[in-house]
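A.B. asks: starting from these lines, generate the structure:
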Amino acid sequence: MNAPLSPLIHLIDDDEAVRESLALLVGTVGLRTQGWADPQAFIAGFDRGGIGAIVLDVRMPGISGLAVLDTLMAQGVDQPVIMLTGHGTVEMCRRAFKAGAAEFLEKPVDDEQLLEALQHAVRQHVNSRERAQADQAARDRYAQLSEREREVLRHIAAGLTNKEIARTLALSPRTVESHRASLFAKLECDSLARLIRRYAALVDSSA
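C.D. replies: Next up is the predicted model:
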């Protein structure tokens, strides 16, 4: 990451006392919180680029937590969502997980269970963002390759030797060696195995 991560936990509940209680609890493990009484205001105003997680009450006036979850997933929000409810049913739990919830907990929530779920969710989100950044960096490096370099890379990944690639592309072995060295430098690889893995990952992500 380019900057230190500072996870933020969004607490969405129309009950102020619940929000304050959750904020105090989450603060004991060093996580920052932001409370939201109005789920619509949350949807409109929270930072989608931030790192963290969302704690979302199911039963709220105006719009249910499940409807909020559906909206977040439809918008491509990647922060993990932990659902809380005092009136849970098997069907409600099933629907929440099917919609993309990371966890579904019943009130009164066990403190340790909630904290464990939140810390796990934050770790997963950090890892997910780091992988996404690494994947984007790899795509950016691949975009810098010339068409000839991409051809050479495809043949390297297919297991051809420099001489075989030279014959296939009607190039001199020295030219192929030059392209090969350029590939290692541009894709920031220090071994053939890493070069092939990086190429395979690029192919998979574009499929």
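
A.B. asks: show me where this structure has its helices.
C.D. replies: Listed in chain order, the helices of the chain (DSSP state H) span 16-27, 39-45, 65-74, 90-99, 111-143, 147-157, 162-169, 173-186, 192-206.

A.B. asks: so which bits of the fourth one are buried?
C.D. replies: Applying a neighbour-count criterion of 16 or more other C-beta atoms under 10 Å, the buried positions in helix 90-99 are Met92, Cys93, Arg95, Ala96, Ala99. Heads up, the C-betas are built off the backbone N, CA and C, glycines and all.

A.B. asks: compute the inter-axis angle for it and helix 65-74.
C.D. replies: Orientation check (axes from the mean of the first three to the mean of the last three C-alpha atoms, to 10 degrees): helix 90-99 against helix 65-74 gives 10 degrees.

A.B. asks: could you find the closest non-adjacent residue to the residue nearest in space to the middle of the chain?
C.D. replies: Closest residue to the average C-alpha location of the chain: Ser128 at 3.1 Å, with C-alpha atoms, centre = their mean. Spatial nearest neighbour of Ser128, excluding adjacent residues (C-beta to C-beta, 6 or more residues apart in numbering): Asp78 at 6.5 Å.

A.B. asks: what's around Arg167, how many residues?
C.D. replies: Neighbours of Arg167 under the rule other C-beta atoms under 10 Å: 13.

A.B. asks: repeat for the one 4 residues further on
C.D. replies: Around Leu171 there are 18 other residues, counting by other C-beta under 10 Å.

A.B. asks: ditto for Asp47
C.D. replies: Applying other C-beta under 10 Å, I find that Asp47 has 11 neighbouring residues.

A.B. asks: so who does it touch?
C.D. replies: Shown in contact with Asp47 (C-beta atoms under 8 Å, 6 or more residues apart in numbering): Leu8.

A.B. asks: how far away is it from Ala53?
C.D. replies: From Asp47 over to Ala53 the distance is 13 Å, taken as C-beta to C-beta, to the nearest Å.

A.B. asks: how about low-confidence regions in the chain?
C.D. replies: Low-confidence segments of the chain (pLDDT under 70): 1-5, 205-207.

A.B. asks: confirm for me that the residue nearest to Ser128 is in contact with Asn127.
C.D. replies: No - here Asp78 does not reach Asn127: they are 11.6 Å apart, not a contact under C-beta atoms under 8 Å.
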